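Asker: All I have is the shape, not the residue letters:
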Ligand SMILES: Nc1ncnc2c1ncn2[C@@H]1O[C@H](COP(=O)(O)OP(=O)(O)O)[C@@H](O)[C@H]1O
Ligand SMILES: [Mg+2]
């Protein structure tokens with residue numbers, strides 16, 4: 001049984017924030033929810049959590065409507081700051097867990113375990129407003145999971161984290177998923193998702209663009225990337241004029257070529273061989289998620305998604 005988001009719609013005045021958005025998440029899965037700023041990610045998460053009501057559509061977990069589930073079912077890492085600025089870190093972790101019925105001793109024990117894992121035990125007695133953005137993010141993650149929720153919803157958890165902390169958080173995701181927890185996180189950073197999320201949904205302007213297992217989405221939606229190396233010819237200048245070849249650029253010791261939809265990748269290999277070249281590398285790789293996003297949405301995920309939405313621009317001013 002799965003987390004099923006079924007045809008959610010939500011309007012804020014002039015802005016149709018969600019337009020029949022639907023996707024499903026398998027238990028034990030790490031699910032990436034992708035979209036540019038203003039796409040509707042936070043709104044969707046708030047509706048799943050029943051913080052916000054949809055105008056229409058439903059959310060069910062294991063066959064039961066989210067509105068009828070125990071609050072303990074979900075953990076939430078909100079996009080905006082959710083910590084009390086002046087309360088000491090360990091105290092607030094214990095406090096948040098108590099809201100979900102976790103006994104103090106046990107909350108304290110697992111909070112300290114997580115602080116240790118994240119290499120921040122020294123933060124236990126500090127106030128939240130003394131913490132860096134990255135450390136606050138780690139504390140918010142701990143706050144989201146201390147009551148051991150079945151489903152953890154995280155809104156942009158990687159934003160503002162340095163690579164070391166990204167790695168720590170990723171490892172925590174993998175461990176929780178292996179233990180059967182279901183993790184949903186939103187992001188506009190495609191490279192984090194590529195190797196972490198087993199399945200994804202991409203939304204744009206409140207509409208589902210595509211979704212499914214990450215590898216399938218990359219195969220289906222993107223054009224493959226060809227990696228080619230020819231002895232004594234690092235530039236492969238001749239390849240730019242091959243039919244169907246869109247770009248040719250050297251990268252990491254090989255040359256990467258992108259091709260138009262419908263072009264057979266093998267035709268590039270045949271062309272190289274026909275020139276009598278010694279091919280030392282030929283590989284057909286799936287398109288990156290960044291390329292998939294640009295292909296389907298028409299702009300990169302970090303471009304401002306609200307530029308062609310007058311109402312959204314107005315509300316942001
Ligand atoms: N409370 C609100 N009132 C008015 N408009 C809102 C509100 N919340 C979100 N919106 C609008 O709905 C759209 C989707 O927002 P949001 O779900 O926050 O997107 P994302 O999290 O993907 O950046 C945006 O155009 C945003 O301006
Ligand atoms: Mg958001």
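Answerer: Yep, it's here. Source: prediction; values computed, not measured. Numbering: from 1, shown residues only. Ligands and ions are numbered 1, 2, ... in the order given.
Asker: Mind listing the residues bridging to the residue in the stretch 101-250 of the chain that ligand 2 sits nearest to?
Answerer: Closest residue of the stretch 101-250 of the chain to ligand 2, Cβ to the ion: residue 155 (5.8 Å). C-beta: built from backbone N, CA, C; applies to glycine. Listed by DSSP bridges, the beta-bridge partners for residue 155 are residue 186.
Asker: what's near enough to touch it?
Answerer: Residue 155 makes contacts with 41-42, 45, 76-79, 185-186, as judged by Cβ atoms under 8 Å, 6 or more residues apart in numbering.
Asker: hmm, try it at 6 Å
Answerer: By Cβ atoms under 6 Å, 6 or more residues apart in numbering, the contact list for residue 155 reads 42, 45, 78-79, 186.
Asker: From ligand 1, how far out is residue 57?
Answerer: Remark: distance between residue 57 and ligand 1 (Cβ to the nearest ligand atom, to the nearest Å) = 15 Å.
Asker: so where's the stretch 101-250 of the chain uncertain?
Answerer: 222 (pLDDT under 70).
Asker: hey, where'd the helices end up in the stretch 51-200 of the chain?
Answerer: 89-99, 104-117, 133-145, 163-178, 190-194 (DSSP state H, counting those that start in this stretch).
Asker: Leaving out chain neighbours, which residue sits closest to residue 262?
Answerer: residue 244 (7.4 Å; Cβ to Cβ, 6 or more residues apart in numbering).
Asker: Now tabulate the helices of the stretch 51-200 of the chain in JSON lines and tack on distance to ligand 1.
Answerer: Putting the helices of the stretch 51-200 of the chain into JSON lines (distance: least, Cβ to the nearest ligand atom, whole Å) gives the following:
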{"stretch": "helix 89-99", "distance to ligand 1": "23"}
{"stretch": "helix 104-117", "distance to ligand 1": "26"}
{"stretch": "helix 133-145", "distance to ligand 1": "16"}
{"stretch": "helix 163-178", "distance to ligand 1": "19"}
{"stretch": "helix 190-194", "distance to ligand 1": "15"}
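Asker: what would the ones you listed look like in CSV with distance to ligand 2 and mean neighbour count?
Answerer: CSV is the format used below for these (distance: least, Cβ to the ion, whole Å; neighbours: other Cβ atoms under 10 Å):
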stretch, distance to ligand 2, mean neighbour count
helix 89-99, 21, 19
helix 104-117, 25, 15
helix 133-145, 15, 21
helix 163-178, 18, 15
helix 190-194, 15, 19
